[in-house]
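> Quick one: sequence plus predicted model below, questions after.
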There are 2 protein chains.
Amino acid sequence: MTVATSDEGPAVPVTIRDVARASGVHISTVSRTFSAPHLVNPETRVRVLACAEDLGYRPNRAARALITGRTHNIGLIIADIANPFFPPLIKAAESQARHRDYHVFVADTNEDPTAEEELVHALAKQVDGVLLCSPRMSNSLIEQLSREVPLVVVNRQVTGLPCVLMDVGQGARAAIEHLIGLGHRGIALLGGPRSSWTNREMRRAAATAARGGGAELTVLGPNAPTETGGFAVAEQVRRSGVSAVLAYNDLMAIGLIAGLDALGVRVPQEVSVVGVDDIALSRLTRPKLTTVATPTGAAGRTAVDMLLQQDIESPRGARSPGAGTARGVRRTTAQVMLQTDLVIRDSTGPGPHARPARPLTASRGPACPAGPGVPTVATGDAVAS
Amino acid sequence: MTVATSDEGPAVPVTIRDVARASGVHISTVSRTFSAPHLVNPETRVRVLACAEDLGYRPNRAARALITGRTHNIGLIIADIANPFFPPLIKAAESQARHRDYHVFVADTNEDPTAEEELVHALAKQVDGVLLCSPRMSNSLIEQLSREVPLVVVNRQVTGLPCVLMDVGQGARAAIEHLIGLGHRGIALLGGPRSSWTNREMRRAAATAARGGGAELTVLGPNAPTETGGFAVAEQVRRSGVSAVLAYNDLMAIGLIAGLDALGVRVPQEVSVVGVDDIALSRLTRPKLTTVATPTGAAGRTAVDMLLQQDIESPRGARSPGAGTARGVRRTTAQVMLQTDLVIRDSTGPGPHARPARPLTASRGPACPAGPGVPTVATGDAVAS
DNA sequence: GTGATCCCTGCAAAGGTTTGCAGTGAAGTA
DNA sequence: TACTTCACTGCAAACCTTTGCAGGGATCAC
């Protein structure tokens, strides 16, 4: 490798001690200048701050964390960062965290349960809590890990742990009812990953709704929850003879539409397709995607709030000098269910059993993009099914 | 909030000391069992390991970092995590890092230069180095920050710093030549963010290529590098009367196509569109997108390699007990340029000046998705322009 | 003038780990 | 036997910060 070099080496790390020396005070005063300013004389404070500024001092968060037990970081473990479902969630979580003076570290697991576990361990000591988004590992492992670091689970229900859920069951039901209303009787459900909670919920709700509406539901899958996964299953969809499909997510729906297109099957004229998530893209494809909008932003914000709340109540590594041993720390484990919304666009149309000129019953309109999703709160058991 | 509580509080953190007590050795032996196993007696080792396993001990990385100066983390600062251009880069970086026993923390800046700076500071002490991807802040600030923590810059050229660049200039040139070859003479360039290095490179190269081919280049922008940004500029494109467009990235191209579609302008019949990046999606839109493929995976891997290499040479917080003061650590600042590839699909077609039945000269085919991109290495000055 | 109060600051321990140095005992060598 | 070598382990300092405690002045009331 051809290489150029510069001789300005990495700056010597300037510590609290350097600032103390420069400003002629004890290190504890410097420390207080940053972590408890009201305890130090205004004059001293400005002097110390000036010196700190001058030397380019920045508190070492690792050292601080070592003694306070709080890193002011939160970890965000994501099943697949390439899935556009997640970025809005990440952004919302980051923004919420920033307001509370926290930083967010995102880690991607590639849908790999092993990576999930490893990452929780790796993050455990470097963050004050972890948001587990659409985890693929087992519930029992999650519970076990939650003993190591405060956890909030998103898109998965784990008894005894704080969870943020989106009511995809209700969304799937609405989607199926919409399709039945359009005159579809043969409907396929494109399943996602087997270990996905969302997948199970959708499947159950869709089955119930189909039965109730006199339609037949064919489950295809599990599939990879990606465009490719959707594309690959197009042939199977065509052969199955259904006239409508509810896909595990928008990505699969978009892939499926492309796949059907490649086979010469037209959407929605021959097959109607419904997605889930309402990613930004679903407004830009042709046809525009009918989809179940999930309140991802709200989920991110809520999850951060729940984590920080639980975290504040029971600071980690609490040295609690005075408190007795058997303090019996109680963790709050609220479970929040956020509503979803069916957004009807152009990828669904009349099916074989449609009555002619039948007016649509479902309201047609855009999802409120910033809609917070009305939270429904319940104890774990009340939500459990 | 209705709340359920569980009484299993957060596990008491088990430290090296607990393991030492349990296995009847000194803490230093426990430490060595993990960080220098060959120095401890096999029997002792297994005993210690058993106790550690038993108690669920995990080394505290923060404490370890405090003394070794190495966290085994690397930070990845991303302009916009919602841009599908980045996930492949992130994934590649993560995978490469994992092989070297490093973890990656991703942070999103929302294209906000202030957030970028703040995040570098926040990460500085918690990581061994930072990958700055498509930074929006000024070069001088980047240089300044690089004195605080080892930096590798991606998609931006900063003299004196290690950079991973993609040859978008060459890509833009190929795109313009492709369009000219198709018979287009009025071409628009949809600019991206003003502070983007890529943007400047593309603009310069496109202008040169257009001039050389006898076409007129209209620059529209700057615009937000998103679907929305592309969608919004559709009207302007139509009014400008050009027959072809090169967009800053695929997202904008896709948004533009949707916007043109909404205006009743057909692609590629009336307007040809070329994107940049070759995101997965560009294969699934209709029409499939002609685009300049950028080797994002290779960029991520290369960046990690460069960071780790530089980092190994000059460990941070080097206490170097014996070494003299004026050690003059030299940092390697190789700059790597990765090649790009024009992938011709369906969003470009003959223009007003096309000769009838003219055979295509450019090769038509898929981009090699896993293609490493042939790296060209040069000193900073050689690449600078 | 004495004592109490208050604000500010310094002292020193603590947090979990690594690591140079020294010590121990056993094995090997002369 | 005496000495060296060697493998292993313990000791204690160090990393950078926070924080309970106590000390030192100054101010104030009596």
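It's in. Just so we're clear, the structure is a prediction, and the values are computed from it rather than from any experiment.

> Could you pull out the strands in the stretch 201-350 of chain A for me?
With DSSP state E, counting those that start in this stretch, the ranges of strands along the stretch 201-350 of chain A come out as A:216-220, A:244-247, A:272-277, A:290-293, A:331-332, A:335-338, A:341-343.

> Of those, which is nearest chain B?
For these, the distance to chain B is smallest for strand A:331-332, at 4.9 Å, taking CB to the nearest CB. To be clear about C-beta, it is placed using only N, CA and C from the backbone, and glycine gets the same treatment.

> Quickly, which of the strands of the stretch 201-350 of chain A bottoms out on average pLDDT?
Lowest mean pLDDT within the strands of the stretch 201-350 of chain A: strand A:331-332, a mean of 53.

> thinking again about what came up before, tabulate the strands of the stretch 201-350 of chain A in JSON lines, adding columns for distance to B:V273 and mean neighbour count.
Formatted as JSON lines, the strands of the stretch 201-350 of chain A follow (distance: least, CB to CB, whole Å; neighbours: other CB atoms under 10 Å in any protein chain shown):
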{"stretch": "strand A:216-220", "distance to B:V273": "34", "mean neighbour count": "16"}
{"stretch": "strand A:244-247", "distance to B:V273": "27", "mean neighbour count": "31"}
{"stretch": "strand A:272-277", "distance to B:V273": "25", "mean neighbour count": "30"}
{"stretch": "strand A:290-293", "distance to B:V273": "25", "mean neighbour count": "28"}
{"stretch": "strand A:331-332", "distance to B:V273": "52", "mean neighbour count": "18"}
{"stretch": "strand A:335-338", "distance to B:V273": "37", "mean neighbour count": "24"}
{"stretch": "strand A:341-343", "distance to B:V273": "27", "mean neighbour count": "22"}
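
> and those as TSV, adding distance to B:I142?
Converted to TSV, the strands of the stretch 201-350 of chain A look like this (distance: least, CB to CB, whole Å):
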stretch	distance to B:I142
strand A:216-220	50
strand A:244-247	43
strand A:272-277	36
strand A:290-293	39
strand A:331-332	43
strand A:335-338	40
strand A:341-343	42
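
> Quick check: which of those strands is nearest to DNA strand D?
When these are compared by CB to the nearest atom of the strand, strand A:331-332 sits nearest DNA strand D, at 21.7 Å.

> Would you mind listing where chain A has pLDDT under the threshold?
Applying pLDDT under 70 to chain A flags residues A:1-12, A:311-332, A:356-385.

> Run through the residues of it sitting next to DNA strand D.
Applying CB under 7 Å from any atom of the strand, one finds that chain A approaches DNA strand D through A:13, A:15-17, A:27-28, A:31-32, A:34-36, A:57-60, A:63-64, A:66-68, A:321.

> now, which of the residues you listed lie close to DNA strand C?
Contacts with DNA strand C within the residues of chain A next to DNA strand D, counted by CB under 7 Å from any atom of the strand: A:I27, A:S28, A:R32, A:A63, A:L66, A:I67.

> Determine which two of those residues are furthest apart.
Using CB to CB, the two most remote members of those are A:R32 and A:L66, lying 17.8 Å apart.

> picking that back up, can you tell which of the strands of the stretch 201-350 of chain A is closest to B:L308?
It's strand A:272-277; of the strands of the stretch 201-350 of chain A, that one is closest to B:L308 (CB to CB) at 36.1 Å.

> what are the pairing partners of the closest one, and which direction each?
Paired neighbours of strand A:272-277 in the sheet (DSSP bridges): strand A:244-247 (parallel), strand A:290-293 (parallel).

> can you redo those strands as CSV with distance to DNA strand C?
Below are these laid out as CSV (distance: least, CB to the nearest atom of the strand, whole Å):
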stretch, distance to DNA strand C
strand A:244-247, 46
strand A:290-293, 45
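
> Could you tell me which of the ones next to DNA strand C among the residues of chain A next to DNA strand D count as buried?
A:R32, A:A63, A:L66 (16 or more other CB atoms under 10 Å in any protein chain shown).

> pretty sure the first one contacts A:L39?
Yes: counting by CB atoms under 8 Å, A:R32 touches A:L39, with 4.9 Å between them.

> Let's see which of the residues of chain A next to DNA strand D end up in helices.
A:16-17, A:27-28, A:31-32, A:34-35, A:63-64, A:66-68 (DSSP state H).

> ok, of the buried ones among the ones next to DNA strand C among the residues of chain A next to DNA strand D, which one's closest to B:A293?
Taking CB to CB as the measure, B:A293 sits nearest to A:A63 out of these, at 45.1 Å.

> Now do the contacts for the closest one.
Counting by CB atoms under 8 Å, 6 or more residues apart in numbering or on different chains, A:A63 makes contact with B:L66.

> and A:R211, how many neighbours?
12 (other CB atoms under 10 Å in any protein chain shown).

> now A:I257
A:I257 has 30 neighbours, counted by other CB under 10 Å.

> how close does it sit to A:R156?
Note on A:I257: its distance to A:R156, by CB to CB, to the nearest Å, is 28 Å.

> measure A:H38 to A:R47 for me?
Taking CB to CB, one finds A:H38 at 16 Å from A:R47.

> higher neighbour count, these two?
Using other CB under 10 Å as the criterion, A:H38 and A:R47 rank with A:R47 on top: 18 against 7.

> Determine the set of other helices and strands touching the strand or helix carrying the more buried one.
For A:R47, the host element (DSSP states H and E) is helix A:42-55. For helix A:42-55, the packing partners by 3 or more CB pairs under 8 Å, 6 or more residues apart in numbering or on different chains; DSSP states H and E come out as helix A:16-23, helix A:27-35.

> Rebuild those helices as CSV, extending it with distance to chain B.
Output for those, formatted as CSV (distance: least, CB to the nearest CB, whole Å):
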stretch, distance to chain B
helix A:16-23, 13
helix A:27-35, 14
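
> So which of the ones you listed is nearest A:P113?
Ranking the helices and strands packed on helix A:42-55 by proximity to A:P113 (CB to CB) places helix A:27-35 first, at 39.3 Å.

> The closest one: how far from the chain's middle?
38 Å (CA atoms, centre = their mean, to the nearest Å).

> tell me which strands and helices it is in contact with?
Using 3+ CB pairs under 8 Å, 6+ apart: helix A:27-35 touches helix A:16-23, helix A:42-55.

> Can you tell me which of these is most buried?
Comparing those by mean neighbour count (mean count of other CB atoms under 10 Å in any protein chain shown), helix A:16-23 ranks first with a mean of 19.

> contact partners of it?
The contact list for helix A:16-23, computed with CB under 8 Å, 6+ apart, reads A:26-27, A:29-31, A:44, A:47-48, A:50-52, A:54-55, A:57, A:59.

> how far does it sit from the chain's center?
Put simply, helix A:16-23 sits 43 Å off its chain's centre (CA atoms, centre = their mean).

> Equivalent analysis for stretch A:259-277, please.
In this view, stretch A:259-277 has its centroid 28 Å away from the chain centroid, taken as CA atoms, centre = their mean.

> Need the distance between the two termini of it.
Distance across stretch A:259-277, first residue to last, is 20 Å (CA to CA, to the nearest Å).

> what's the answer for stretch A:340-355, then?
In stretch A:340-355, first residue to last residue: 28 Å (CA to CA).

> One more: stretch A:51-62?
Distance between the two ends of stretch A:51-62: 22 Å, counting by CA to CA.

> repeat for stretch A:127-139
Distance across stretch A:127-139, first residue to last, is 22 Å (CA to CA).

> Now do the residue in the stretch 101-250 of chain A that DNA strand C sits nearest to: how many residues are near it, please.
Nearest to DNA strand C in the stretch 101-250 of chain A, going by CB to the nearest atom of the strand, is A:K125, at a distance of 8.0 Å. By the other CB under 10 Å criterion, the neighbourhood of A:K125 contains 23 residues.
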